[in-house]
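# Predicted model, plus sequence, below.
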Amino acid sequence: KAGVTQTPRYLIKTRGQQVTLSCSPISGHRSVSWYQQTPGQGLQFLFEYFSETQRNKGNFPGRFSGRQFSNSRSEMNVSTLELGDSALYLCASSLAPGQGTYEQYFGPGTRLTVT
Amino acid sequence: AQKITQTQPGMFVQEKEAVTLDCTYDTSDPSYGLFWYKQPSSGEMIFLIYQGSYDQQNATEGRYSLNFQKARKSANLVISASQLGDSAMYFCAMREAYNQGGKLIFGQGTELSVKP
């Protein structure tokens, strides 16, 4: 079974630009969560999607948004990029809520650098 | 207050020896799950082991076991017979049931180095 895929793997953007990151979950997984990882703040939850609906949202400004499509693929968007948005963005997929232990399986991440 | 605390920023262990990575947590939710993940230098988070708050027995997965002490709110990861490939960052994480979803709260991580 193929794992979680994220594209692109690396991205360099300029302050003020916007960026879209993509995540394809494991086949059969319907829930997708996004996390931001930085050396200073560690791993922080951004949001979770299930059945094309945002179920949970972390404490991030409105510049961070996401969506999920009917095939469970998800995208996250960051508008008006700031230097502090430089991070590894990790996507995780899991079965539907309430199924099993609901452990999350992570993709390789997208490393975003904002200059 | 930090919900997940990993007090060991770095650990060294000799190959083939066992090592314990500490994790304490804080929650008022009676129903929660505890997870351990491994993150090699490549960046991908690898799921290792899960312990539910109502599980009576400590979880085990191959060389990994979770020493769950509910009253002390600790969930330490034990790796037996360390291998060079175990060198990585290890993260403890918690999911609280009230979230009804997949939000994981992570600790700051422990960097494990296995010496030959």
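That came through, no problem. Numbering: from 1, shown residues only, chains lettered A, B, ... in the order given.
# residues near residue 60, how many?
Since you didn't name a chain, this refers to chain A. 16 (other C-beta atoms under 10 Å in any protein chain shown). C-beta: built from backbone N, CA, C; applies to glycine.
# look at chain B instead
Using other C-beta under 10 Å, residue B:60 has 12 other residues around it.
# ok, now the one 10 residues further on?
A count of nearby residues for residue B:70, using other C-beta under 10 Å, gives 11.
# Check the gap between it and residue A:88 for me.
33 Å (C-beta to C-beta, to the nearest Å).
# Quick check: residue B:93 touching residue B:34?
Yes - with contact defined as C-beta atoms under 8 Å, residue B:93 counts as touching residue B:34 (7.3 Å).
# from the chain's centre, how far out does the lowest-mean-pLDDT helix or strand in chain A sit?
Lowest mean confidence among the helices and strands of chain A (mean pLDDT, DSSP states H and E): strand A:53-57, at a mean of 90. Relative to the centre of its chain, strand A:53-57 is centred 12 Å away, using C-alpha atoms, centre = their mean, to the nearest Å.
# Equivalent analysis for stretch A:4-18, please.
11 Å.
# Which neighbouring elements make contact with the helix or strand that contains residue A:91?
Taking DSSP states H and E as the criterion, residue A:91 maps to strand A:87-94. The contact analysis (3 or more C-beta pairs under 8 Å, 6 or more residues apart in numbering or on different chains; DSSP states H and E) places strand A:87-94 against strand A:5-7, strand A:19-24, strand A:31-38, strand A:74-78, strand A:105-106, strand A:110-114.
# Figure out which of these is closest to chain B.
strand A:105-106 (3.7 Å; C-beta to the nearest C-beta).
# partners of that closest one, with directions?
strand A:87-94 (antiparallel) (DSSP bridges).
# Could you tell me the angle between the partner strand and strand A:110-114?
150 degrees (axes from the mean of the first three to the mean of the last three C-alpha atoms, to 10 degrees).
# Find the residue at the geometric middle of chain A.
When C-alpha atoms, centre = their mean is applied to chain A, the residue found nearest the centroid is residue A:34 (3.1 Å).
# Per-residue pLDDT of that residue, please?
On pLDDT, residue A:34 comes in at 97.
# Is it in contact with residue A:77, as I believe?
No - taking contacts as C-beta under 8 Å, residue A:34 lies outside contact range of residue A:77: 10.7 Å.
# Can you check which residues contact both of those two?
Residues within reach of residue A:34 and of residue A:77 at once, by C-beta atoms under 8 Å, 6 or more residues apart in numbering or on different chains, are residue A:66.
# Give the bridge partners for the nearest residue to residue A:57 once chain neighbours are set aside, please.
Once flanking residues are discounted, residue A:57 sits nearest to residue A:47: 4.8 Å by C-beta to C-beta, 6 or more residues apart in numbering or on different chains. For residue A:47, the beta-bridge partners under DSSP bridges are residue A:34, residue A:57.
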